[in-house]
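K.L.:
heads up, no residue letters with this:
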Ligand SMILES: Cc1cc2nc3c(=O)[nH]c(=O)nc-3n(C[C@H](O)[C@H](O)[C@H](O)COP(=O)(O)OP(=O)(O)OC[C@H]3O[C@@H](n4cnc5c(N)ncnc54)[C@H](O)[C@@H]3O)c2cc1C
């Protein structure tokens, strides 16, 4: 939760250069820094650790594990780069892998704490609950805090931003114990790597864990109810990632329904029945990871004392301004649902704070927020999928170029993947860009900027891209759409 007191206002733009030096990741503290830089007096109420899910249970720890897995995979293929590994086979020191992850998280955690000090933001550690009109304030929005030492405190802000995040959705009927049957939060606490695993849910989190564990040598089965993994992504992205995972021995059961009540733990592992197109299949593994989506943290926040509403487990907001039904109270990030990503939460933090400062800034459409999957190979997309655009009524034209045409991809030794562009036949507008391949999560920023600036494909195609670089795939694909591909 981030809250902001009456203050002097201040000029956001005067602080532009200072803001460039800090990179913030989740909703609450991004909003706090933004408001503090505008001259507001700000406090954050946090019941756990600054940095939230992204820093402690999400983006950063998982990407650290994925990077270790990628290095291991590269070392195993060292001979193809002309590098020999004396004394044979490389191995994995799992506790060192975990130690590296914890070191990165701790370093960034210290950075966030310093950032709060630097911006004179008060951090109150405790569980916050919104109160209604009271002797403290004639209107709702004061926060009753149960401090970590058991004491109580109340703060009375002029504005309040709710950024309470989300938690893993659980499947009813599964005997979770955090070890054998775990959520993604639990899995980050594992001190050993499983020899085999069933991952329930083939969305982003499930696919990243499948990629990482299979690279480390775990036998992986993914169970997905939809007819393909990554069902929210363009069908070509799903197919390419599925192909890469299968090539590494990952078993993908799509169109398959887990029978949660059949799950039993035995012999130090699990057994569970899955209803697949071929009939009932019994899967066994050392562990099970359940990654079937996330639900907003909206309970116990005292909304009943206010006009704030929630629906389907997420706070209801005005989609343009992010105000709740109480106009001086905003909500941002995972707790409002929609795109549950750290950079979406950051963007929403800017929108909410700018609005309460009286300098409204536009909120991006959900589909224009880049979506990244840090598997091997990576995938990244922005805008409409081909099928989504067609369903919306666009007449679309597409171009798709494989990564292997690039000299830089060959140099990297990573040629799996492609770039695909979806454009509007009638107007030539760029509708969507979908990338699979090494560093796709970096390359997508160009397409995101292009969408923001309303650039059309031929403008990207005529932009000079460095050679040799992976970014040439963007240029080639845009030129191909115009019938001008160089390769
Ligand atoms: C495994 C995994 C991997 C991910 N990887 C990525 C990625 O690579 N890239 C990406 O963009 N996103 C990723 N995400 C999503 C990203 O972590 C979230 O979208 C982001 O953290 C949301 O930010 P937030 O500010 O809304 O909430 P959070 O980061 O969850 O922060 C909410 C904070 O509120 C505190 N809080 C809650 N209730 C109270 C209360 N009553 N009183 C006081 N404090 C309270 C919590 O302790 C927490 O610190 C990942 C998520 C997971 C689970």
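P.N.:
Received it, and whenever you're ready, just let me know what you need. Just so it is clear, the model here is predicted, and its values are computed rather than measured. Numbers count the residues shown, from 1 in each chain.

K.L.:
separation between the closest residue to the ligand within the stretch 251-400 of the chain and residue 145?
P.N.:
Per Cβ to the nearest ligand atom, residue 333 is where the stretch 251-400 of the chain lies closest to the ligand, at 2.1 Å. All C-beta atoms are positioned from the backbone trio N, CA, C, and that covers glycine. From residue 333 across to residue 145, the span is 20 Å (Cβ to Cβ, to the nearest Å).

K.L.:
Which one's more surrounded, those two?
P.N.:
residue 333 (36 against 20; other Cβ atoms under 10 Å).

K.L.:
contacting residues for that one?
P.N.:
With contact set as Cβ atoms under 8 Å, 6 or more residues apart in numbering, residue 333 has these partners: 26-28, 163-165, 344-345, 348-349.

K.L.:
swap the cut-off to 10 Å and go again
P.N.:
Going by Cβ atoms under 10 Å, 6 or more residues apart in numbering, residue 333 touches 2, 26-28, 30-31, 52-54, 161-166, 296-297, 315, 322, 340-342, 344-349, 352.

K.L.:
Residue 189 now?
P.N.:
Contacts of residue 189 (Cβ under 10 Å, 6+ apart): 57, 98, 178-179, 182.

K.L.:
SS state for it?
P.N.:
Recorded secondary structure, residue 189: coil (DSSP: H, G, I helix; E, B strand; the rest coil).

K.L.:
ok, so what distance separates it from residue 182?
P.N.:
8 Å.

K.L.:
Kindly report the same for residue 237.
P.N.:
Distance, residue 237 to residue 182, by Cβ to Cβ: 27 Å.

K.L.:
what about the closest residue to the ligand within the stretch 151-300 of the chain, neighbour count?
P.N.:
Of all residues in the stretch 151-300 of the chain, the one sitting closest to the ligand is residue 165 (2.1 Å; Cβ to the nearest ligand atom). Residues lying near residue 165 (other Cβ under 10 Å) number 23.

K.L.:
and this structure, which of its residues are near the ligand?
P.N.:
Applying Cβ under 6 Å from any ligand atom, one finds that the chain approaches the ligand through 1, 26-28, 45-48, 52-54, 57-59, 62-63, 127-128, 163-166, 184, 205, 297, 301, 333-335, 340-343, 345, 374.

K.L.:
swap the cut-off to 5 Å and go again
P.N.:
With Cβ under 5 Å from any ligand atom as the criterion, the chain meets the ligand at residues 1, 26-27, 45-48, 52-54, 58-59, 62, 127-128, 163-165, 184, 205, 297, 333-334, 340-342, 345.

K.L.:
Narrow these to those in strands?
P.N.:
Taking DSSP state E, the ones among these that sit in strands are 45-46, 127-128.

K.L.:
Could you identify the most distant pair in those?
P.N.:
46 and 127 (9.3 Å; Cβ to Cβ).

K.L.:
Who has more neighbours out of these two?
P.N.:
Comparing residue 46 with residue 127 by other Cβ under 10 Å, the one with more neighbours is residue 46, at 22 against 17.

K.L.:
related to what we said a few turns ago, contacts only, for the residue lying closest to the residue of the stretch 151-300 of the chain closest to the ligand once chain neighbours are set aside.
P.N.:
The shortest distance from residue 165 to any non-neighbouring residue, by Cβ to Cβ, 6 or more residues apart in numbering, is to residue 334 (4.7 Å). The neighbourhood of residue 334, defined by Cβ under 10 Å, 6+ apart, consists of 26-27, 52-54, 58, 163-167, 294-297, 314, 340-342, 344-345, 348.

K.L.:
got it, and residue 307?
P.N.:
If a contact means Cβ under 10 Å, 6+ apart, then residue 307 has 132, 140, 324-327, 329 as its contacts.

K.L.:
Confirm it sits in a strand?
P.N.:
No: according to three-state DSSP, residue 307 belongs to no strand; its state is coil.

K.L.:
any idea how far it lies from residue 139?
P.N.:
Noted for residue 307: a distance of 10 Å to residue 139, by Cβ to Cβ.

K.L.:
what sits in contact with each of these two?
P.N.:
Counting by Cβ under 10 Å, 6+ apart, the common neighbours of residue 307 and residue 139 are 132, 326-327, 329.

K.L.:
And the buried ones among those residues, selectable in ChimeraX?
P.N.:
Of the shared contacts of residue 307 and residue 139, the buried ones go into a single ChimeraX selection, burial set by 16 or more other Cβ atoms under 10 Å:
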select :132,326,329
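
K.L.:
Next step: the shared contacts of residue 307 and residue 139 restricted to strands.
P.N.:
The members of the shared contacts of residue 307 and residue 139 that map onto strands under DSSP E are residue 329.

K.L.:
nearest to residue 210, of the shared contacts of residue 307 and residue 139?
P.N.:
residue 329 (39.6 Å).

K.L.:
Not counting sequence-adjacent ones, nearest residue to the closest residue to the ligand within the stretch 1-150 of the chain?
P.N.:
Taking Cβ to the nearest ligand atom, the ligand has its nearest neighbour within the stretch 1-150 of the chain at residue 52, 2.4 Å off. Of all residues not flanking residue 52 in the chain, residue 26 sits nearest, at 4.1 Å (Cβ to Cβ, 6+ apart).

K.L.:
so the one you found sits right up against residue 342, yeah?
P.N.:
Yes: counting by Cβ atoms under 10 Å, residue 342 is a contact partner of residue 26 at 5.7 Å.

K.L.:
quick one, strands of the stretch 301-450 of the chain?
P.N.:
310-311, 314-315, 329-331, 371-373, 379-383, 396-402, 418-424, 430-436 (DSSP state E, counting those that start in this stretch).

K.L.:
Can you get me a residue count around residue 301?
P.N.:
22.

K.L.:
Now do the contacts for it.
P.N.:
Residue 301 sits next to 1, 127-130, 143, 162, 164, 308, 310, 315, 331, 335 when contact means Cβ under 10 Å, 6+ apart.

K.L.:
ditto for residue 440
P.N.:
Neighbours of residue 440 in contact, by Cβ under 10 Å, 6+ apart: 237, 372-375, 377-381, 403, 417-419, 434, 470, 473.

K.L.:
Where is the longest helix in the protein?
P.N.:
For the chain, the longest helix by residue count, based on DSSP state H, is helix 94-118.

K.L.:
which strands and helices sit next to that one?
P.N.:
helix 27-37, strand 41-46, helix 52-56, helix 59-76, strand 122-130 (3 or more Cβ pairs under 10 Å, 6 or more residues apart in numbering; DSSP states H and E).

K.L.:
and it, which residues are buried?
P.N.:
97-98, 101, 104-105, 108-109, 112, 115-116.

K.L.:
same question, stretch 441-459
P.N.:
441, 443-444, 446-448, 450-451, 455-458.

K.L.:
which one among those gets closest to residue 484?
P.N.:
Ranked by distance to residue 484 (Cβ to Cβ), the buried residues of stretch 441-459 are led by residue 458 at 8.2 Å.

K.L.:
my read: the closest one touches residue 481, true?
P.N.:
Yes: between residue 458 and residue 481 there is a contact at 8.1 Å, judged by Cβ under 10 Å.

K.L.:
least trustworthy helix or strand in the chain by mean pLDDT?
P.N.:
Here the helix or strand of the chain ranked lowest by mean pLDDT, DSSP states H and E is helix 16-19, holding a mean of 35.

K.L.:
Poorly predicted segments of the stretch 51-200 of the chain, please.
P.N.:
For the stretch 51-200 of the chain, no stretch has pLDDT under 70.
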